[in-house]
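> What shape does this take:
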Amino acid sequence: MPKVLFFAAALFMSFLFAVSISAQSGNVVLIKEREKQKIVINDNYYFTYIFSGKPKIGPSVIRISIFNKDGSQNTSLEILGAYDMPQMRGHHSSGPVKFQKNKTGDYLMPLNSVMRGKWEILLEFQEDGENIFTGVININI
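Numbering: from 1, shown residues only. Below is the predicted model:
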């Protein structure tokens, strides 16, 4: 019985996280740009992303670099992320994860894909605690 309650609570929390991000942002942008391509956050910022290797079953890392409109790197924003399989929502969800900054100012989040299929990575960019962009990257494992 405790395992069932834990599973139900985890599923509910991942659902709440996705709903809260959608409600706060108003719009969730489907990110169609490929790795290393510029993705506009707003009039002031843009970002690029890259994976540590081709996404596959097992651990990998997504690295995001944020830039000011003049092209200089920006490290003042915060990024929250989550990943899950849309077809099995909640069963493999990471729940909300705060990206960590490395020495070069890039933002990193570990991913752990446990099976083949479609996965989505939800990204929320925040400035001074306010959401300024929410997007989803879809990948196939």
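> number of nearby residues for the residue nearest to G117 when sequence neighbours are not counted?
Once flanking residues are discounted, G117 sits nearest to M85: 5.6 Å by C-beta to C-beta, 6 or more residues apart in numbering. Backbone N, C-alpha and C define where each C-beta goes, glycine included. Close neighbours of M85, defined as other C-beta atoms under 10 Å, add up to 19.
> what sits against M85?
By C-beta atoms under 8 Å, 6 or more residues apart in numbering, the contact set of M85 is H91, H92, M115, G117, K118, W119, E120.
> low-confidence ranges in this structure?
Within the chain, the segments meeting pLDDT under 70 span 1-26.
> And the strands in it, which stretches?
Ranges of strands in the chain, per DSSP state E, are 29-30, 39-40, 45-51, 58-68, 78-84, 97-98, 100-101, 107-113, 118-127, 130-140.
> coming back round to it: any quick ChimeraX command for the buried ones out of the contacts of M85?
A single ChimeraX command selects the buried members of those (16 or more other C-beta atoms under 10 Å):
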select :92,119,120
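> Kindly present the contacts of M85 as TSV, with separate columns for distance to K98.
Putting the contacts of M85 into TSV (distance: C-beta to C-beta, whole Å) gives the following:
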residue	distance to K98
H91	22
H92	19
M115	25
G117	26
K118	25
W119	19
E120	18
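> Determine which two of the contacts of M85 are furthest apart.
Using C-beta to C-beta, the pair of those lying farthest apart is M115 and E120, separated by 14.2 Å.
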